[in-house]
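Engineer: the sequence isn't on hand, but the structure is:
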């Protein structure tokens with residue numbers, strides 16, 4: 001009875017907290033505050049449930065040494081906090097690098113090359129740019145870069161929100177077909193479930209269609225032009241920076257971002273180590289440039305000043321929501337969900353397609369990392385089995401259905417303060433159609449060619 005009460009209470013509190021995040025604007029309560037409180041309450045509930053009956057699987061695993069509560073804190077909480085910290089430090093490093101490039105006028109070099117003001121043409125440009133860029137960077141870094149570019153090019157808030165929402169779709173789609181483009185494909189690749197070349201060959205078409213179908217739909221429904229912002233005061237300030245310096249910071253900064261996945265492949269160290277190394281190199285470069293051009297580059301261009309512009313609330317939001325999901329994982333909710341999916345009464349081939357598809361939809365609500373981790377622990381299919389390939393596609397693109405369903409969406413939400421309900425009304429249906437279209441392409445490709 002105790003287990004049932006606590007188990008159900010955790011689900012109920014998560015739903016209430018999730019609704020609070022979604023209704024941020026009507027409630028007038030910042031989503032970061034809600035997310036942090038949600039994470040704290042769920043872990044407090046786990047810590048104070050008082051008996052082994054609350055978490056029988058966990059208790060059986062750690063019922064040694066200092067006892068239940070000590071093991072809960074020192075094993076599970078620290079383990080999850082370590083995983084979350086990797087993402088947060090990666091995010092902080094990437095956001096600081098992007099802010100540095102932007103402050104030194106690097107992105108202006110790119111935005112000056114894009115002259116179209118047609119909504120449809122601009123949508124295709126940023127869609128394909130984000131799609132291919134996220135395959136070599138990752139979906140979160142790509143979203144940060146693209147949203148920063150949008151701020152320089154689009155003045156109307158809702159136009160910018162719409163383009164940012166489509167960037168999330170494109171970045172997640174681009175990350176799904178690359179072994180280094182999304183955290184779930186990285187997990188499958190490192191675990192030996194998929195090979196690099198095979199995952200690219202088998203999921204590229206599905207990922208491409210998942211963004212192309214929404215773009216085609218919008219090509220028939222969108223009309224008119226968007227308004228570019230007037231020259232800002234900050235652009236006037238940047239005009240004092242020599243163009244050679246702006247270009248150098250842009251190329252070195254983007255080059256360092258591109259080197260992060262290469263660094264991970266060579267050293268097998270977590271991506272955040274490479275990102276922090278990239279930040280340190282660019283930091284030192286800008287310090288040297290400031291000494292060399294001290295008459296034109298003032299103290300406001302120092303990293304110590306620029307870093308204060310990094311959006312800390314969005315980072316704390318990420319911390320809160322991931323802590324809440326980690327509590328669900330520790331309590332066993334996600335394991336129970338995975339086991340329930342496996343009981344679906346269908347032929348194996350149909351069942352595993354359906355399971356992957358459901359996991360993709362669920363990843364728009366619950367973080368896709370524990371869902372994929374649960375699936376990896378449940379099934380022993382060989383490398384490059386179609387289940388792993390389809391799981392990579394579904395988990396990578398399904399998170400686009402809701403804005404808090406992916407790291408890219410959370411980053412865009414934090415940077416542009418996109419409203420959850422607005423995204424649900426304007427972007428979610430496009431993401432769902434694209435998701436289904438890509439899934440259909442993958443299944444058809446498999447059935448026709450037996451790949």
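Structural biologist: Looks like it came in fine. Because the structure is predicted, anything quoted here is derived from the model rather than measured.
Engineer: ok, residue 403 - how many residues close by?
Structural biologist: 28 (other C-beta atoms under 10 Å). Just so you know, the C-beta spots here come from the backbone N, C-alpha and C atoms, and that holds for glycine as well.
Engineer: and it, how far is that from residue 365?
Structural biologist: 11 Å (C-beta to C-beta, to the nearest Å).
Engineer: could you do residue 28 as well?
Structural biologist: For residue 28, the distance to residue 365 - C-beta to C-beta - is 24 Å.
Engineer: neighbour count winner among these two?
Structural biologist: Ranked by neighbour count (other C-beta under 10 Å), residue 28 and residue 365 place residue 365 first, with 18 against 7.
Engineer: contacting residues for the more buried one?
Structural biologist: 18, 402, 405 (C-beta atoms under 8 Å, 6 or more residues apart in numbering).
Engineer: switch the cut-off to 10 Å
Structural biologist: The contact partners of residue 365, taken as C-beta atoms under 10 Å, 6 or more residues apart in numbering, are 14, 15, 18, 325, 371, 398, 399, 401, 402, 404, 405.
Engineer: lowest-confidence entry in the residues you listed?
Structural biologist: Among the contacts of residue 365, residue 371 carries the weakest pLDDT, at 71.
Engineer: does that residue touch residue 329 like I think?
Structural biologist: Yes. At 9.3 Å, residue 371 counts as touching residue 329 under the criterion of C-beta atoms under 10 Å.
Engineer: those two: which is more packed in?
Structural biologist: The residue with more neighbours, out of residue 371 and residue 329, is residue 371; 27 against 19, by other C-beta under 10 Å.
Engineer: quick one: stretch 215-232 to chain centroid distance?
Structural biologist: Taking the mean of its C-alpha atoms, stretch 215-232 sits 25 Å from the chain's own mean (C-alpha atoms, centre = their mean, to the nearest Å).
Engineer: list the contacts of that stretch.
Structural biologist: Contacts for stretch 215-232 (C-beta under 10 Å, 6+ apart): 111, 114-124, 127-128, 131, 151-156, 159-160, 162-163, 166, 169-170, 209, 235, 238-239, 429-430, 433-434, 437.
Engineer: and the residues you listed, which are buried?
Structural biologist: Buried residues within the contacts of stretch 215-232, counting neighbours by 16 or more other C-beta atoms under 10 Å: 114, 119-120, 122-124, 127-128, 131, 151-154, 159-160, 162-163, 166, 169-170, 209, 238, 430, 434, 437.
Engineer: tell me if I'm right that residue 38 and residue 17 touch.
Structural biologist: Yes. In this structure residue 38 lies within contact range of residue 17 using C-beta under 10 Å: 3.4 Å.
Engineer: my guess is residue 162 contacts residue 156. True?
Structural biologist: Yes. Contact status for residue 162 versus residue 156: in contact at 9.3 Å, counting by C-beta under 10 Å.
Engineer: before we move on, back to that, okay, and the common contacts of residue 38 and residue 17?
Structural biologist: Counting by C-beta under 10 Å, 6+ apart, the residues touching both residue 38 and residue 17 are 320, 321, 324.
Engineer: run a quick neighbour tally on the first one.
Structural biologist: The burial count assigned to residue 320 is 22, neighbours taken as other C-beta under 10 Å.
Engineer: okay, and it sits in which element?
Structural biologist: Here residue 320, judged by DSSP states H and E, is contained in helix 312-331.
Engineer: that helix - contacts with which helices or strands?
Structural biologist: helix 2-22, helix 31-47, helix 56-62, helix 78-103, helix 333-341, helix 368-378, helix 407-416 (3 or more C-beta pairs under 10 Å, 6 or more residues apart in numbering; DSSP states H and E).
Engineer: could you dump the ones you listed into JSON lines and include distance to residue 264?
Structural biologist: Shown next, in JSON lines, are the helices and strands packed on helix 312-331 (distance: least, C-beta to C-beta, whole Å):
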{"stretch": "helix 2-22", "distance to residue 264": "31"}
{"stretch": "helix 31-47", "distance to residue 264": "28"}
{"stretch": "helix 56-62", "distance to residue 264": "30"}
{"stretch": "helix 78-103", "distance to residue 264": "11"}
{"stretch": "helix 333-341", "distance to residue 264": "26"}
{"stretch": "helix 368-378", "distance to residue 264": "17"}
{"stretch": "helix 407-416", "distance to residue 264": "16"}
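Engineer: of all those helices, which one is nearest residue 195?
Structural biologist: helix 368-378 (15.5 Å; C-beta to C-beta).
Engineer: next SSE downstream of the closest one?
Structural biologist: helix 386-398.
Engineer: what is that following helix packed up against?
Structural biologist: Judged by 3+ C-beta pairs under 10 Å, 6+ apart, the packing partners of helix 386-398 are helix 157-176, helix 183-190, helix 196-221, helix 348-362, helix 368-378, helix 428-449.
Engineer: quick one: residue 437 and residue 206 touch, right?
Structural biologist: Yes. Counting by C-beta under 10 Å, residue 206 is a contact partner of residue 437 at 8.5 Å.
Engineer: residue 244 - how many residues pack around it?
Structural biologist: 10.
Engineer: so who does it touch?
Structural biologist: 289, 293.
Engineer: next SSE after the helix or strand containing it?
Structural biologist: Under the criterion of DSSP H and E, residue 244 resides in helix 243-267. Sequence-wise, the next helix or strand downstream of helix 243-267 (DSSP H and E) is helix 271-292.
Engineer: between that next one and helix 183-190, what angle do the directions make?
Structural biologist: Counting by axes from the mean of the first three to the mean of the last three C-alpha atoms, to 10 degrees, helix 271-292 lies at 120 degrees to helix 183-190.
Engineer: any idea of the angle helix 271-292 forms with helix 243-267?
Structural biologist: Using the same axes, to 10 degrees, helix 271-292 lies at 150 degrees relative to helix 243-267.
Engineer: please pull up the helix or strand immediately following helix 271-292.
Structural biologist: Defined by DSSP H and E, the subsequent element after helix 271-292 is helix 303-306.
Engineer: considering only helices and strands, which part of this protein has the lowest mean pLDDT?
Structural biologist: helix 233-238 (a mean of 49; mean pLDDT, DSSP states H and E).
Engineer: all set now, cheers.
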